[in-house]
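> Sequence and predicted structure are below.
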Amino acid sequence: MLVFVLNAGSSSLKYQLINAETSELKASGIVERIGIDGVLKHVVGENRKLTIEASIQSHKEAIELILETLTQGETKIIDSITEIQAVGHRVAHGGEFFKESTIVTDKVIKKIEELIPLAPLHNPANILGMKICRELMPNVPNVAVFDTAFHQTMPEVHFLFPVPHEDYTEHHLRKYGFHGTSHFYVSQEAIKLLDNKKESRIIVCHLGNGSSVCAVKDGKSLNTTMGLTPLGGLMMGTRSGDIDAGVIPYLMDRKGMDTHQIIDYLNKKSGILGVSGISSDLREIISAANDGDQRAQVTIDMMCNRVKKYICSYAGLLGGVDAICFTAGIGENSDLIRNKICHNLEFMGIELDNQKNQLKSNISREINRDTSKTKIFVIPTNEELVIAQDTYKLVK
Ligand code: AMP
């Protein structure tokens, strides 16, 4: 079954065309700067690449252009859009209502609309993507796959915030967690690498521009670092992660910031970018640290310490760890960061093999010493494949 996987953002659209039965990636691409000047980058296989710079004023124009690119010209991969048998949508927030993926109906769209206050930046774009696909491909079923769904197994003791309880019951204030499809995929791959161990205790470190750690017990999310919104937990590219909540009124008072400004400050100006003053891209920070920049070094150490803090905390919750997994841009590619995070954890039975850690590869691999009680894996994530497979299961 050919599944078109769509990740619709406010000014960008990422897509993949996947054969869900064979897991074969047929084509992928991204449209950026929708409503500004518009760029479509389309890739078929290893080598066939196409970039179109055009005025793309709306999400509808962008999806029409993607469908055209899939069916016409040099990078054509299918004869007609009728070959697309289903569309899988990444949806940011499913609240407590969506505990698993679901076929998109009018009722489902309405429910996702009701959840907009929980994800004001993301859910509207996701809904738009669904509406456009239903309009352009009226006979094709659509499936919504939620970033929050995997974490719905978290028990109350981990998802409640220590605030008056009525704000949970009346205002849905709680931890939801994100990156669910990635944590699910990576933990499932880890379980396979552990020879399908029945009772498993896994910690997944998804370290990219957005980052989160998840404690996975017997294949289910037990706790995770992101909270009500993706601002919680680790220090990220531009997001602060957890800070003393008292910082917020203090800054608003001292700098005369309003709600919008403080949200912008914590989401877009903080984290790696804010501390380093250089960039949100960790490669640039590592390079600056290598050139002797002290603040870049502190940035790296702060980031790694926070990951280490959660590994230790979750190891305690899980009562030990069978495997620690590193994934996403930083987790998959930076041996330096993996090394710093695992440093000094030998007392917990976590022993990194420096040589294995330095080997470059884009396949799943083990990087612990043979004597290590805990396995350490690098597992490339594949959120789109999970979306395609969930879509296939529901549509089949
Ligand atoms: P993602 O959001 O998963 O695409 O990850 C993006 C992040 O991964 C950026 O901060 C990149 O700088 C970082 N990244 C990618 N490759 C490397 C690398 N080789 N070393 C360090 N960071 C990397």
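All right, it came through fine. Numbering: from 1, shown residues only.
> For the rest of this, base every contact and every neighbour count on C-alpha atoms.
Noted.
> which helices and strands sit right next to the helix or strand harbouring Asn7?
Assigned by DSSP states H and E, Asn7 falls within strand 2-8. Strand 2-8 sits against strand 13-19, strand 86-91, helix 123-136, helix 383-395, with contacts defined as 3 or more C-alpha pairs under 8 Å, 6 or more residues apart in numbering; DSSP states H and E.
> How about residues contacting that strand?
Under the contact criterion C-alpha atoms under 8 Å, 6 or more residues apart in numbering, strand 2-8 has outside partners 13-20, 83-91, 125-126, 128-129, 384, 387-388, 391-392.
> what are the phi and psi angles of Leu25?
Leu25 adopts backbone torsions of phi -90, psi 120, taken as degrees, to the nearest 10.
> show me the contacts for the nearest residue to it once chain neighbours are set aside.
Distance criterion C-alpha to C-alpha, 6 or more residues apart in numbering; nearest residue to Leu25, sequence neighbours excluded, is Ile18 at 4.6 Å. Neighbour list for Ile18: 2-5, 24-27, 385, 388 [criterion: C-alpha under 8 Å, 6+ apart].
> tell me the contacts of the residue of the stretch 251-396 of the chain found nearest the ligand?
At 3.3 Å from the ligand, Gly329 is the closest residue in the stretch 251-396 of the chain, using C-alpha to the nearest ligand atom. Gly329 makes contact with 207-209, according to C-alpha under 8 Å, 6+ apart.
> List, out of the residues you listed, those positioned next to the ligand.
208-209 (C-alpha under 6 Å from any ligand atom).
> residue closest to the middle of the protein?
Among the residues of the chain, the one closest to the centroid is His179, at 3.7 Å (C-alpha atoms, centre = their mean).
> how about the residues of the protein near the ligand?
Remark: the part of the chain in contact with the ligand comprises 208-210, 281-283, 328-330, 333-334, using C-alpha under 6 Å from any ligand atom.
> Out of those residues, grab the one that's most surrounded.
For those, the largest number of neighbours (other C-alpha atoms under 10 Å) sits with Leu282, at 24 neighbours.
> surely the residue nearest to the centre of the chain meets Cys214?
No: under the criterion of C-alpha atoms under 8 Å, His179 makes no contact with Cys214, lying 9.2 Å away.
> Phi, psi for Pro380 please.
Dihedral angles for Pro380 - degrees, to the nearest 10 - are phi -60, psi 130.
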